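# this one's structure only:
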């Protein structure tokens, strides 16, 4: 006999999924927003994305945050495109804030999906090979794994978020590590994107700096871990 609590949770999961599907197919404008926004991101169309965000007028900041959140669930859609475009539209300070907020919401959403729906659902978003590598990394380094991978922009953001949701890591520790770890990359790329610079040398330099920062954190991971999680709490 199925426990009433388990049955209730199962119904809640099904209900939330059904609500999301209904919103996508029946709420006016949602399909168009999703399709058009993701299309600009996949094609790296900065001008098209800029016009798309600005077309929402006073809701442009909300639109940029929603796009950053949405892209977290879509494979092969880089968030850096939105980060650069946001800085181009709003200036690097406000643009970085919107990108940071959207990225954090997206990471929390991915984490929540993995935590609530489990591995079978996550495997539909992420290849088993990458998920296996993520499992090993998290098992070995815990919360430090989140901090390190957020610092290094070449590591897929969504893979880490989904992978973390399958571990015992608490949501608040995940959010804290993500909030801190993603800040340097978003700020640096926003400063770069304020003038929509396509200077590949500068992009490579910033990426190299972030990779080095990630490696430094990895090298001192044990010391950092002791500060984040005191021995008595481990």
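Nice, thanks for sending it over. A quick note: this is a predicted structure, and the numbers were derived from the prediction, not measured.

# helices of the chain, start to end?
Shown for the chain, the helices assigned by DSSP state H span residues 4-26, 30-42, 46-54, 60-71, 80-90, 92-117, 119-125, 128-141, 143-151, 157-165, 171-181, 183-193, 200-219, 221-228.

# just how off-centre is the first one within its chain?
In this view, helix 4-26 has its centroid 23 Å away from the chain centroid, taken as Cα atoms, centre = their mean, to the nearest Å.

# try the third one
Relative to its chain's centre, helix 46-54 lies at 21 Å (Cα atoms, centre = their mean).

# one step back: in a markdown table: the helices of the chain, plus mean pLDDT and mean neighbour count.
All C-beta spots, glycine's among them, are computed from the backbone N, C-alpha and C. Listed next are the helices of the chain as a markdown table, based on pLDDT from 0 to 100; neighbours: other Cβ atoms under 10 Å:
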| stretch | mean pLDDT | mean neighbour count |
| --- | --- | --- |
| helix 4-26 | 75 | 10 |
| helix 30-42 | 88 | 15 |
| helix 46-54 | 91 | 17 |
| helix 60-71 | 93 | 21 |
| helix 80-90 | 88 | 25 |
| helix 92-117 | 92 | 21 |
| helix 119-125 | 79 | 13 |
| helix 128-141 | 76 | 14 |
| helix 143-151 | 77 | 25 |
| helix 157-165 | 85 | 25 |
| helix 171-181 | 90 | 17 |
| helix 183-193 | 83 | 22 |
| helix 200-219 | 62 | 14 |
| helix 221-228 | 53 | 13 |
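
# who touches residue 175 in this structure?
104, 107, 108 (Cβ atoms under 8 Å, 6 or more residues apart in numbering).

# just checking, the first one touches residue 177?
No - using Cβ atoms under 8 Å, residue 104 is not in contact with residue 177, being 10.9 Å away.

# contacts for stretch 158-173, please.
By Cβ under 8 Å, 6+ apart, the residues outside stretch 158-173 that reach it are 72-73, 75, 106-108, 110-115, 118-119, 122, 125-126, 130-131, 134-135, 137-139, 142-143, 145-146, 149-150, 174, 178, 228.

# off-centre distance for it?
For stretch 158-173, the distance to the chain centre is 11 Å (Cα atoms, centre = their mean).

# and the most centrally placed residue in the chain, how far from residue 171?
For the chain, residue 107 is the residue whose C-alpha lies nearest the centre (Cα atoms, centre = their mean; 3.9 Å). Note on residue 107: its distance to residue 171, by Cβ to Cβ, to the nearest Å, is 10 Å.

# same check, this time on residue 16
Counting by Cβ to Cβ, the gap from residue 16 to residue 171 is 17 Å.

# kindly report the same for residue 179.
12 Å.

# and for the two, which residues touch both?
By Cβ under 8 Å, 6+ apart, no residue touches both residue 179 and residue 171.

# wait, what's in contact with residue 190?
83, 84, 86, 87, 92, 93, 95, 96, 99.

# make CSV out of the contacts of residue 175 and add distance to residue 49.
Below are the contacts of residue 175 laid out as CSV (distance: Cβ to Cβ, whole Å):
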residue, distance to residue 49
104, 20
107, 21
108, 23
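
# quick one: which of those is nearest residue 43?
Nearest to residue 43 among those, counting by Cβ to Cβ, is residue 107 at 24.1 Å.

# quick check: that closest one touching residue 178?
Yes - with contact defined as Cβ under 8 Å, residue 107 counts as touching residue 178 (4.8 Å).
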